[in-house]
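J.: generate a structure from the sequence data that follows.
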Amino acid sequence: MKKKLVVMMLTVVMAVTGLAGCGGGSDSAKSDKDSKKDGDVVEIQFLHGQPEEERVQAIQEIIDDFEAENEGIKVTQMPIPEDGFWTKISTLMSTGKLPAVVEGGVDQLRLMNGEEALDLEANTEAIEAIGKDRFYEGVLKMAKAPGADQYLGVPVAGWVSGIWYRKSMFEEKGLEAPTTWENIQKAAEAFSDPANKKYGIMIATEESDFTEQSFSSFTGSAGFELFDDQGKPQFNTPEMKEILEYYKTLYQYTMPGSNGVEEVKDAFVGGHSAMALYSTYIMGALVDQGLADDVGFAVPEKTEQGSFGMTSTMTISNMISEEEREAAIKFVSYMGNKEANIKWCHMSPGGSNPVLKDVADDPAYLENDVLKAFGDTAATIPDAFENLQMLGVKDGEVNPAMGNISSKFIIPHCINSILVQGEDVDAAMEKCQADLEAEVAAVE
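T.: Residues are numbered from 1 along each chain as shown. Presented below is the predicted three-dimensional model:
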């Protein structure tokens, strides 16, 4: 079962092959491994997916500051390019040599936890050392380990998705900010002028993970859960039909066809759309075009706020010595230091946002050219982490079938068939329900 779970989730995480044969960590692996010491110095390795030169330099500055405050601990970076990240991880896990600290997304950590490679107790100690009350609530919920009051890792930063809109255009028409379903639809209709290639809103419609992520903003805002208490899919339901019908309504006011990342971003940044559903990684492009001060950010809400996003999370391996474990806890906890956390966020300003409330409020965080360009908007964006949600996650646990469901674009295929291909909503929902049930049955 464990090996099957690895195969299922791999394509969702980074679509890299070769992980099916990896093995899990164990206590014996930890005890058999000698502590990496040079005299009285404990050495630990930090594996991350930030190989760009300027990011490696920024991380080294954080490490240097940490080592200056923690004499006797040496941290060595292991930057791995994205296309080789999971190949490296799988090899290290299979040999019981996973580095002390690994940085990745929550989906990746769930995969590693399925291989029993993480020290959940150490991660929990690090979070408690930083202070649970400093984190946005939604961020910690995402980091919870399945079936345990412990954590998969320590969130360091993250991105969120929401509605970006031109404030001046809304003011001219006397429209309220697009926070509610009603306000979003009203604005989309008011700005729609397809004859002149002007669209009320840009949303994802292609068969891709981007569409699943965008759609999740509306499932989350309606409080919809894809699986019931028994883990069975509940897609062909009145609740889902209402969400699909709403998404279909918005499609009337977007650019026709299968729209993906580039189409949505380019239409909004290029002035062809009044609104766009996109992640915080659009901020740099808006600054480049001189639009930042005229752009607002809103999270869709029906019964609750539908924040969708991902976090960059550090986890501690269970394949290390006790001395390395203590050093790793200190290093990961150090990322709760405001100066270190701000430095990490500034590696990708806008795209990478604070998951610690007091960092988001710190003037030093906003002291960045990209963030300053957005004014008050940049300060409020991290608040979306309070209600962070993810499709397929129930009570902090991801359904085992969600990996295959996402990798096969089952839900985006349904959306595309309704919006772009004109398939009947009921027929498409029925087919999607059957496909989802087949994936759940495959892992049972």
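J.: mind showing which ranges of this protein have poor pLDDT?
T.: Applying pLDDT under 70 to the chain picks out residues 1-39, 396.
J.: domain parsing for it?
T.: The chain resolves into domains spanning 2-159+310-376, 161-308+391-443 when parsed by automatic domain parsing.
J.: tabulate the ones you listed (JSON lines), appending distance to residue 383.
T.: Any C-beta I mention is one placed from the backbone N, CA and C, and that applies to glycine too. As requested, those are exported to JSON lines (distance: least, C-beta to C-beta, whole Å):
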{"stretch": "domain 2-159+310-376", "distance to residue 383": "8"}
{"stretch": "domain 161-308+391-443", "distance to residue 383": "8"}
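J.: could these go into a markdown table alongside mean neighbour count and distance to residue 385?
T.: A markdown table is the format used below for the domains of the chain (neighbours: other C-beta atoms under 10 Å; distance: least, C-beta to C-beta, whole Å):
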| stretch | mean neighbour count | distance to residue 385 |
| --- | --- | --- |
| domain 2-159+310-376 | 19 | 4 |
| domain 161-308+391-443 | 19 | 7 |
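J.: quick one: closest of those to residue 382.
T.: Residue 382 lies closest, by C-beta to C-beta, to one member of those: domain 2-159+310-376, at 4.0 Å.
J.: how far away from the center of its chain is the closest one?
T.: 14 Å (C-alpha atoms, centre = their mean, to the nearest Å).
J.: what's the distance between residue 328 and residue 123?
T.: Distance, residue 328 to residue 123, using C-beta to C-beta, to the nearest Å: 10 Å.
J.: which strand in this protein has the most residues?
T.: The residue-count maximum for a strand in the chain (DSSP state E) belongs to strand 154-166.
J.: could you look up the SS state of the spatially most central residue of the chain?
T.: The centre of the chain sits closest to residue 310, judged by C-alpha atoms, centre = their mean, with a distance of 1.2 Å. Put simply, residue 310 is strand when judged by DSSP: H, G, I helix; E, B strand; the rest coil.
J.: quick one: contacts for the nearest residue to residue 48 once chain neighbours are set aside?
T.: Among residues not flanking residue 48 along the chain, residue 103 sits closest, at 3.9 Å (C-beta to C-beta, 6 or more residues apart in numbering). When contacts are counted by C-beta atoms under 8 Å, 6 or more residues apart in numbering, residue 103 touches 46-50, 156, 312-315.
J.: how about the residues you listed in TSV, adding distance to residue 337 and secondary structure?
T.: Shown next, in TSV, are these (distance: C-beta to C-beta, whole Å; DSSP: H, G, I helix; E, B strand; the rest coil):
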residue	distance to residue 337	secondary structure
46	15	strand
47	21	strand
48	17	strand
49	22	coil
50	18	coil
156	11	strand
312	16	strand
313	17	strand
314	13	strand
315	18	strand
